[in-house]
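Peer 1: can you look at this prediction? I've put the sequence above it.
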Amino acid sequence: GNSVTQMEGPVTLSEEAFLTINCTYTATGYPSLFWYVQYPGEGLQLLLKATKADDKGSNKGFEATYRKETTSFHLEKGSVQVSDSAVYFCALTPTDSWGKLQFGAGTQVVVTP
Amino acid sequence: GAVVSQHPSRVICKSGTSVKIECRSLDFQATTMFWYRQFPKQSLMLMATSNEGSKATYEQGVEKDKFLINHASLTLSTLTVTSAHPEDSSFYICSATVQDRANYGYTFGSGTRLTVV
């Protein structure tokens, strides 16, 4: 079946540090891949997405590249801010079940001043 | 952009009562809505897929008689937790989409924190 694996948290960083959150997936065909962010007590917000191999999604300084050869979609940001403290979810939607998101476990990121 | 409104944001109810949660797409018509449940510090688990005008499709292990879903219009889906018990306490999140993945993707509501006492 389909699955998403992402690195466990919490990840604690100092402000302006480089952030990487690893995400790998298992799926048949060519799924679409997403990163969502959840701030405390809130719902999920789409951070970025990629729908085909080698696509790069980017938003608010975050980037992730769809790597089919390594089945990965790692999230990166060059210089984090305290306001980036949140839980980040990697997710996919399979090509044969459009709309049903499969989420990873989530990675909590804590950025300290 | 696409906005999904979920109400209420928090609700506390007594054991044995029913609670209704609403999910509305404010500026687009959502042919499909999804309901998720999230336990503390855990990921989201899909409960059911709701299509306008038809019965919801429930994921394995989700009691359809306990979690009633109605999608009566293209802008509103409701989740009713019937005869709630403390183990139903959780964070419930809805997501709405249209069959045009290039435009809207999946827009989430802000979630409902249900506490059953």
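Peer 2: That came through fine.
Peer 1: what is the burial count for A:Pro113?
Peer 2: 6 (other Cβ atoms under 10 Å in any protein chain shown). C-beta coordinates here come from the backbone N, C-alpha and C atoms, glycine included.
Peer 1: pretty sure it sits against A:Glu15.
Peer 2: Yes. Applying Cβ atoms under 8 Å, one finds A:Pro113 in contact with A:Glu15, separated by 5.5 Å.
Peer 1: list residues touching both of those two?
Peer 2: A:Val82 (Cβ atoms under 8 Å, 6 or more residues apart in numbering or on different chains).
Peer 1: give me every residue that touches the nearest residue to A:Ser14 once chain neighbours are set aside.
Peer 2: Distances taken as Cβ to Cβ, 6 or more residues apart in numbering or on different chains put A:Thr112 closest to A:Ser14, at 5.7 Å, once the chain neighbours are dropped. Contacts of A:Thr112 were listed using Cβ under 8 Å, 6+ apart, and they are A:12-15, A:82.
Peer 1: just say helix, strand or coil for the residue lying closest to A:Ser79 once chain neighbours are set aside.
Peer 2: Closest residue in space to A:Ser79, ignoring its immediate chain neighbours: A:Glu16 at 4.8 Å, by Cβ to Cβ, 6+ apart. The three-state label given to A:Glu16 by DSSP: H, G, I helix; E, B strand; the rest coil is coil.
Peer 1: dihedrals phi and psi, A:Glu16?
Peer 2: Note on A:Glu16: its backbone torsions stand at phi 80, psi 0 [degrees, to the nearest 10].
Peer 1: tell me the contacts of residue 25?
Peer 2: I went with chain A, as the question did not name one. Counting by Cβ under 8 Å, 6+ apart, the residues that A:Tyr25 touches are A:2-5, A:31, A:33, A:71-73, A:90, A:92.
Peer 1: try chain B instead
Peer 2: B:2-4, B:33, B:74-76, B:96, B:107.
Peer 1: what sits closest to it if chain neighbours are left out?
Peer 2: B:Ala96 (4.5 Å).
Peer 1: that neighbour is in contact with B:Met33, isn't it?
Peer 2: Yes. In terms of Cβ under 8 Å, B:Ala96 counts as a neighbour of B:Met33; the distance is 4.8 Å.
Peer 1: tell me, what's touching these two both at once?
Peer 2: Residues touching both B:Ala96 and B:Met33 by Cβ under 8 Å, 6+ apart: B:23, B:25, B:77.
Peer 1: got TSV for the residues you listed, with secondary structure and distance to A:Thr65 too?
Peer 2: Below are those laid out as TSV (DSSP: H, G, I helix; E, B strand; the rest coil; distance: Cβ to Cβ, whole Å):
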residue	secondary structure	distance to A:Thr65
B:Cys23	strand	33
B:Ser25	strand	31
B:Ser77	strand	34
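Peer 1: nearest to B:Ser90, of these?
Peer 2: Distance to B:Ser90, by Cβ to Cβ, is smallest for B:Cys23 among these, at 15.5 Å.
Peer 1: run through the bridge partners of the spatially closest residue to that closest one that is not a sequence neighbour.
Peer 2: Residue nearest to B:Cys23 in three dimensions, not counting chain neighbours: B:Cys94, with 3.5 Å by Cβ to Cβ, 6+ apart. Per DSSP bridges, the residues bridged to B:Cys94 are B:Trp35.
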